[in-house]
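Student: Provided below for reference: sequence and predicted model.
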Amino acid sequence: MQQTERYLTFALGKGRLAKNALALFEKVGIHCDEMYDKESRKLIFVNEDLKMRFFLAKGPDVPTYVEYGAADIGIVGADTIMEEGRKLYEVLDLKFGKCRMCVCGPESARKYLEHNQFIRVATKYPNIAKDYFYNKKHQTVEFIKLNGSIELAPIVGLSEVIVDIVETGTTLRENGLTVLEEVCPLSARMVVNRVSMRMENERITTLIRQLKEVIDKGEE
């Protein structure tokens, strides 16, 4: 009796990540027309021909779905992967959604960083910030976890600096802040569940190869 091919399930970070991922998938022949129906209230979208399922999730939840096997593959920002620290395979840099994780603040705060002084750091990314300050700079700091408008923290005196994602830097400049140090470059990544990589190795490695060819061609 022939075994039925199982569905390959994708968790896509909501917003621009999902939009860019779907555009990339289409270049290797993967389509999911259901996802473009703005009237649909579905949570899971299916391509029966390819035996693939897709669902949208908040960025920080994508690594969780992948680690626990609810999704075989996830599309998520490198910042989320680093912050969440989940057990999964990071298999491909998708080269879109490029930005930087940076230490930012007023120019007057630069001296605190250069002389490794004790400072307060406000951030949405405490794990990334701790790794940077403790393991790379060997600087003792106090971390303050915030969820929105991080730029406000040094302006109102809550912290000396912030650690946050920087794309254009416009918001920083408009509020009298600047990039003081770069922590790391960021972009969208593909992650894979560890068990799925073994069970569906041929399908997944073929997909990775096809996507990499398209990405490399686009960078030429």
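Tutor: Sure, I can see it. These numbers come from a predicted model, not from an experiment.

Student: so, low pLDDT: which residues of the protein?
Tutor: For the chain, applying pLDDT under 70 flags the ranges 1-4, 219-220.

Student: and the strand ranked longest in it, what does it pack against?
Tutor: Longest strand in the chain by number of residues, with DSSP state E as the criterion: strand 178-186. Strand 178-186 sits against helix 78-84, strand 99-105, helix 110-114, helix 126-130, strand 161-166, with contacts defined as 3 or more C-beta pairs under 8 Å, 6 or more residues apart in numbering; DSSP states H and E. Heads up, the C-betas are built off the backbone N, CA and C, glycines and all.

Student: so what touches the longest helix along the chain?
Tutor: Criterion DSSP state H: the longest helix present in the chain is helix 201-218. Residues outside helix 201-218 that contact it (C-beta atoms under 8 Å, 6 or more residues apart in numbering) are 8, 24-25, 27-28, 30, 72-73, 91-95, 190, 192, 196-197.

Student: can you show me the CA trace of that helix as PDB?
Tutor: Extracted C-alpha coordinates of helix 201-218, given in PDB (Å, rounded to 0.1, in the frame of the first residue of the first chain):
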ATOM      1  CA  ASN A 201      15.100  15.700   4.200                       C
ATOM      2  CA  GLU A 202      14.700  15.300   0.500                       C
ATOM      3  CA  ARG A 203      11.800  17.700   0.100                       C
ATOM      4  CA  ILE A 204      13.300  20.300   2.400                       C
ATOM      5  CA  THR A 205      16.800  20.300   1.000                       C
ATOM      6  CA  THR A 206      15.400  20.500  -2.500                       C
ATOM      7  CA  LEU A 207      13.400  23.600  -1.500                       C
ATOM      8  CA  ILE A 208      16.400  25.100   0.200                       C
ATOM      9  CA  ARG A 209      18.500  24.600  -3.000                       C
ATOM     10  CA  GLN A 210      15.900  26.000  -5.300                       C
ATOM     11  CA  LEU A 211      15.400  29.100  -3.100                       C
ATOM     12  CA  LYS A 212      19.200  29.600  -2.700                       C
ATOM     13  CA  GLU A 213      19.600  29.600  -6.500                       C
ATOM     14  CA  VAL A 214      16.900  32.300  -6.900                       C
ATOM     15  CA  ILE A 215      18.400  34.400  -4.100                       C
ATOM     16  CA  ASP A 216      21.900  34.100  -5.500                       C
ATOM     17  CA  LYS A 217      20.700  35.000  -9.000                       C
ATOM     18  CA  GLY A 218      18.900  38.000  -7.600                       C
END
